[in-house]
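next come a sequence and a model predicted from it.
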Amino acid sequence: MSLYLLEIVPSSATREGSQAVLDALLGADGGDPAEIIESQVAADHSRLFTVVEAGSAKAAAAVGEAVRAVADEVQGPDEVRLVGAELEEIKALRRGAGYLVEWDIPAEITMDQYLARKKANAPKYAQVPETSFLRTYVREDTAKCLCFYDAPDEDAVVRAREAVSTPIDRIWALGAIELDTTGA
């Protein structure tokens, strides 16, 4: 099974629009097994970042198709690699994040170079103790990565990124709606 990222722009950038996308995600059934690992919602409800575990890109794409009726745009599925956390921990905790940082990785950086850089820089997060790095999803084509943080504010995330000498192309405050896969 592989992980795939879907970036979804809801038809309505409201709490109800985000909820409609989440409801569609939960009701998705493409025939092939696919599990929603997490779906983080931008605080302004303009975008959802959804990670799906599936046996194929086709199965992940079926999840994306399930939301088309309530979305203006669905990007992906793009295969991603989880860095900095274990998949089983994410499945067990279903832990949200406060902020998401997108970095459009320069074309000359390979996956091996990215991973070596990440490993070398990770200890530097200690310079900004009020910010906790949670996890990263890096696209297998290394076009970009999404890094999740808990922090008191956006400035703390910016300081953490400066500490690890990694740029920010886009930053999103997250929250508002949690994906409930328990059926509760």
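Ah, there it is.

residues making contact with the one helix or strand in the chain whose mean pLDDT sits lowest?
For the chain, counting by mean pLDDT, DSSP states H and E, helix 87-93 ranks last in confidence among helices and strands (a mean of 85). If you take CB atoms under 8 Å, 6 or more residues apart in numbering as the criterion, helix 87-93 is touched by 3, 37-38, 53, 82, 135. All C-beta atoms are positioned from the backbone trio N, CA, C, and that covers glycine.

just the buried residues of that helix, please?
Within helix 87-93, the residues that count as buried by 16 or more other CB atoms under 10 Å are I90.

now that helix, how far from the centre of its chain.
14 Å (CA atoms, centre = their mean, to the nearest Å).

name the next helix or strand downstream of it, please.
Downstream of helix 87-93, the first helix or strand assigned by DSSP states H and E is strand 99-104.

contact partners for G175?
The contact partners of G175, by CB under 8 Å, 6+ apart, come to 41, 43, 96, 98.

and the gap between it and A24?
For G175, the distance to A24 equals 20 Å [CB to CB, to the nearest Å].

for A116, see how far away the residue most central in space within the chain is.
When the chain is reduced to its mean C-alpha position, the nearest residue by CA atoms, centre = their mean turns out to be F49, at 4.8 Å. For F49, the distance to A116 (CB to CB) stands at 25 Å.

what do you get for A71?
36 Å.

could you identify the longest helix within the protein?
Across the chain, the longest stretch assigned as helix under DSSP state H is helix 15-27.

which parts of that helix are buried?
For helix 15-27, a neighbour-count test (16+ other CB under 10 Å) marks 17-22, 24-25 as buried.

same question, stretch 80-88
For stretch 80-88, by 16+ other CB under 10 Å, it's 80-83, 85.

which residues in this protein form helices?
In the chain, the helices defined using DSSP H lie at 15-27, 57-66, 87-93, 111-121, 154-163.

so what does the fourth one touch, helix or strand wise?
Based on contacts counted as 3 or more CB pairs under 8 Å, 6 or more residues apart in numbering; DSSP states H and E, the elements that helix 111-121 packs against are strand 71-83, strand 132-139.

what of the first one?
The contact analysis (3+ CB pairs under 8 Å, 6+ apart) places helix 15-27 against strand 2-10, strand 34-41, strand 48-54, helix 57-66.

I'd like the average pLDDT over it.
Taken as a whole, helix 15-27 has an average pLDDT of 88.

ditto for stretch 72-85
Per-residue scores along stretch 72-85 average to 95.
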